[in-house]
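Q: Predicted coordinates and the sequence they were generated for:
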Amino acid sequence: MGSAYTEDRGLVGSIGHILGKIPGALMIVPLFMGATINTFWPEILGVGSFTSALFRDGTGTLLGLFFFCMGAQIDFRQTSATLQKGTAILLGKAFIGGSIGLIVAFYMPNGTLWGLTPLAIIAGMTNSNSALYVALTKQFGNASDRGAVSVISLNDGPFITLLILGTAGLAAFPMTMLIGCLLPLVIGFIVGNNSPRARAFLAPGEMLLIPFLGFVVGRGIDFSMLLQAGMQGVLLGISTVICSGLAAMLFLHVMHMVTRRPHATRNLISGAAESTVAGNAVATPAAVALLDPSYKAIEAISTSQVAAATITTALLVPFLVMFVSRWQHARGISPEAEEHWINTGKVEAMPPAGRRQPA
């Protein structure tokens, strides 16, 4: 038994290592598993009891618990520079994603653009991969870049998507249902900001729930839908990198100018690193459809498009961040100079140009 256990553990470890190399694997792989079952054996989850409750009917419960754990990780007790940076990036990404989505909804024939739905555009472009953001800013950025994730994480989940759709009149969310959707996030935020111990306790929950969410969301998709949405999702991913990356960097640059920062400290790495689509954005169409059943008709295609965009941006954004890092160094701007200025109020001499090494 000992050798069998060792061999099994090695197999599981190898699978985990492989999955760790797939962008958004925690959400995407279970989503494909759910889609496989829905395509070939849709009746298998109808056995009832705990199986059906968790794997077929658990979307609402899992989303509520996920948002509660997520809210507990949002921390506003940050320095002024970090708050300014996070706010500028958040507004830039939300502005461009919302604008493009609404233009498509109101002015494009049939309310779509090359098959992309406004729901997929807004859900994908306004959300971002916080884990990849932190990894990239750790290698190419500085402490204020990494700290800005506490503000940027407000775009996790469906909050901004619901706000844009509701404000534009594209969705009818009864006030009680909207409050019910956001209340777990708000309660989690209050708990996490009043108790560091509670925040630490709830942190693993956010990661734990992602594969279960991926599975129940995937259960509403079949492979014909995934194949149809594949190229559209790639297009959404490329558009997100270009449009949301430029918008986030533009808003960040305006913030630098308004606050009269020295030239060497006008670091845009965090804006470039924000141009991703998050794995948890895959669950946003399902959350919207729960509140407004009229979106049920496009929930599956929108989910598939966002899933493909998640992988596309995760592959492209590291190259964008590397390019922006080299572009800045060639112009006398660096994250190191910015961090030195934040800490001392003085501008430090530029380090030698070239690619930064991992911290």
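A: Sure thing, it's come through.
Q: the helices in the stretch 251-359 of the chain, which residues?
A: Secondary structure of the stretch 251-359 of the chain by DSSP state H, counting those that start in this stretch: the helices cover 269-273, 284-291, 296-330, 335-344.
Q: who wins for proximity to Ile238 among the ones you listed?
A: helix 296-330 (6.4 Å; C-beta to C-beta). The way it works is simple: take the backbone N, C-alpha and C, and place the C-beta from them, glycine included.
Q: Compute the inter-axis angle for that closest one and helix 335-344.
A: 90 degrees (axes from the mean of the first three to the mean of the last three C-alpha atoms, to 10 degrees).
Q: what comes up buried for helix 296-330?
A: 298-314, 316-318, 320-322, 324-325, 328-329 (16 or more other C-beta atoms under 10 Å).
Q: That one - contacts with which helices or strands?
A: Helices and strands touching helix 296-330, by 3 or more C-beta pairs under 8 Å, 6 or more residues apart in numbering; DSSP states H and E, are helix 25-40, helix 118-125, helix 130-140, helix 223-239, helix 245-258, helix 269-273, helix 284-291.
Q: Next, the contact list for Tyr133, please.
A: Neighbouring residues of Tyr133 by C-beta atoms under 8 Å, 6 or more residues apart in numbering: 149, 152, 270, 273-274, 276.
Q: now the stretch 101-250 of the chain, which segments are flagged as low pLDDT?
A: Flagging of the stretch 101-250 of the chain using pLDDT under 70 yields the residue ranges 131, 135, 147, 150, 157, 172-178, 181-182, 217-218, 220-229.
Q: okay, the contacts of Tyr133 in CSV with neighbour count and distance to Lys93 next?
A: As requested, those are arranged in CSV below (neighbours: other C-beta atoms under 10 Å; distance: C-beta to C-beta, whole Å):
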residue, neighbour count, distance to Lys93
Val149, 24, 13
Ile152, 25, 8
Ser270, 31, 11
Ala273, 33, 11
Glu274, 32, 6
Thr276, 33, 10
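Q: just those now: which is nearest Gly245?
A: Nearest to Gly245 among these: Glu274, at 7.3 Å, using C-beta to C-beta.
Q: Deepest in the core, which of the helices and strands packed on helix 296-330 is it.
A: The highest mean neighbour count among those belongs to helix 118-125 (a mean of 31), with neighbours defined as mean count of other C-beta atoms under 10 Å.
Q: gap between it and the chain center?
A: 12 Å (C-alpha atoms, centre = their mean, to the nearest Å).
Q: Which elements pack onto it?
A: helix 80-107, helix 159-167, helix 223-239, helix 284-291, helix 296-330.
Q: and Leu113, which of those helices is closest to it?
A: The closest of these to Leu113 is helix 80-107. By C-beta to C-beta, the value is 4.6 Å.
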